[in-house]
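Chemist: only the shape, not the letters, is given here:
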Ligand SMILES: [Zn+2]
């Protein structure tokens, strides 16, 4: 009997694994993988000021190549549960859809990979032809992501685990399974621009120095284009996300003004070079007249791209064979755990359709679960046939 991705996804949805709670989700996966011969490890990570989080690493087979599937069983909260037409943790099937928190982000994707791997193993005498299949499943992706993938990768490396290629099962598709592979992500950098002035009475501006003028000058300068895009990326852009003076009074010139900004940047920049560019622009615009500082927040979201090659070709071919669609290789969207995995091996993101992720009435069409399982199955088959 082939493993049923819909049943696995439904059972996973029924686990209340809102970050940082494991909710039974990892135990459920362990219960499916261990009997099939996977060596499974549950690892709890902890750090002062954060909740401990449970993670799972499972592997079958030895040596190279090690194809790793990465994902997270934690989910964002359901919000107002009364607003859902199907309870968020009931895993109800209705109208050929599986409803529930995590149906697409990303318990559904995990269920599809598990079903595909079990099916492949069953057809291949219980082991990959050569090498290994691994699953790297975290319970800490949706929140602060400090006791999850980063530490799990370090833990695995310390045990001597080596990864050759990774599929991250995040919902990568825009409209239909097979339309998009995410093959890289822009970097993300946050900063605050702080302009100093001199507080005073609004009726006597000559006795004060209004920092809002200086802030406007610098903000205008920082809005200038950063680049014209690159081969794999759209142009980088800086967006101001907040302008703060905090002045509750009508007759006061404030002493300080701040503006927060975020930059989504492409592979034409490194973090260091980008900071230097912004600082040069601010300095030129300030022209020695505006007193300012830029406060950069630490960022672990560097830009990366997984360049087209045999692994990408293999995934594209599997998708074309199953769906008839040729996926676009995209680098759009927010950051994901791929930003950590890319330091260990090439990583592609491919999963379900992202439309309802984090929304009320999150659902996956049952047909999508079948399609994604068939694609993962084909990828595994091709991957080990090729090696
Ligand atoms: Zn996700």
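Modeler: It's in. On a predicted model such as this, the values are computed, not experimentally measured, just so you know. Numbering: from 1, shown residues only.

Chemist: next, give phi and psi for residue 226.
Modeler: Here is the backbone geometry of residue 226 (degrees, to the nearest 10): phi -100, psi -30.

Chemist: roughly how far apart are it and residue 76?
Modeler: To residue 76, residue 226 is 31 Å away according to Cβ to Cβ, to the nearest Å. No exception for glycine: its C-beta is placed from N, CA and C like everyone else's.

Chemist: could you pull up the residues touching the closest residue in space to residue 375 that isn't next to it in sequence?
Modeler: The shortest distance from residue 375 to any residue that is not its chain neighbour, by Cβ to Cβ, 6 or more residues apart in numbering, is 4.8 Å, and that residue is residue 322. Contact partners of residue 322, counting by Cβ atoms under 8 Å, 6 or more residues apart in numbering, are 178, 371, 374-375, 378.

Chemist: what's the closest of those residues to residue 43?
Modeler: Distance to residue 43, by Cβ to Cβ, is smallest for residue 375 among the contacts of residue 322, at 29.0 Å.

Chemist: just give the number of residues close to the closest one.
Modeler: 26 (other Cβ atoms under 10 Å).

Chemist: ok, it touching residue 325?
Modeler: No: taking Cβ atoms under 8 Å as the definition, residue 375 is not a contact partner of residue 325, at 10.3 Å.

Chemist: shared neighbours of those two, anything?
Modeler: Common neighbours of residue 375 and residue 325 are listed as 178, 319 (criterion: Cβ under 8 Å, 6+ apart).

Chemist: and residue 189, what is it in contact with?
Modeler: For residue 189, the contacting residues are 262-263, 265, 271, 274-275, 296-297, 299, 301, by Cβ under 8 Å, 6+ apart.

Chemist: oh, I was asking about residue 337
Modeler: Counting by Cβ under 8 Å, 6+ apart, residue 337 makes contact with 70, 72, 138, 141, 145, 148-149, 168, 170.

Chemist: got the residues you listed as a markdown table, with distance to residue 330 and secondary structure columns?
Modeler: A markdown table is the format used below for the contacts of residue 337 (distance: Cβ to Cβ, whole Å; DSSP: H, G, I helix; E, B strand; the rest coil):
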| residue | distance to residue 330 | secondary structure |
| --- | --- | --- |
| 70 | 18 | strand |
| 72 | 20 | strand |
| 138 | 23 | strand |
| 141 | 20 | coil |
| 145 | 22 | coil |
| 148 | 24 | coil |
| 149 | 21 | helix |
| 168 | 14 | strand |
| 170 | 12 | coil |
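
Chemist: pLDDT-wise, what's the bottom of those?
Modeler: Lowest pLDDT within the contacts of residue 337 is found at residue 145 (82).

Chemist: how close does the closest residue to it other than its chain neighbours sit to residue 290?
Modeler: Taking Cβ to Cβ, 6+ apart, and ignoring the residues beside it in sequence, residue 145 has residue 337 as its nearest neighbour in space, at 7.1 Å. Counting by Cβ to Cβ, the separation of residue 337 from residue 290 is 40 Å.

Chemist: surely residue 167 and residue 379 touch.
Modeler: Yes: the pair residue 167 / residue 379 is scored as a contact, 6.9 Å apart, by Cβ under 8 Å.

Chemist: tell me, what's touching the two both at once?
Modeler: Shared between the contact lists of residue 167 and residue 379 (criterion: Cβ under 8 Å, 6+ apart) are residues residue 315.

Chemist: thought residue 184 was touching residue 302?
Modeler: No: if you go by Cβ under 8 Å, residue 184 and residue 302 don't touch, sitting 10.8 Å apart.

Chemist: which of the two has more neighbours?
Modeler: Under the neighbour definition other Cβ under 10 Å, residue 184 and residue 302 were set side by side, and residue 184 has more, 24 against 20.
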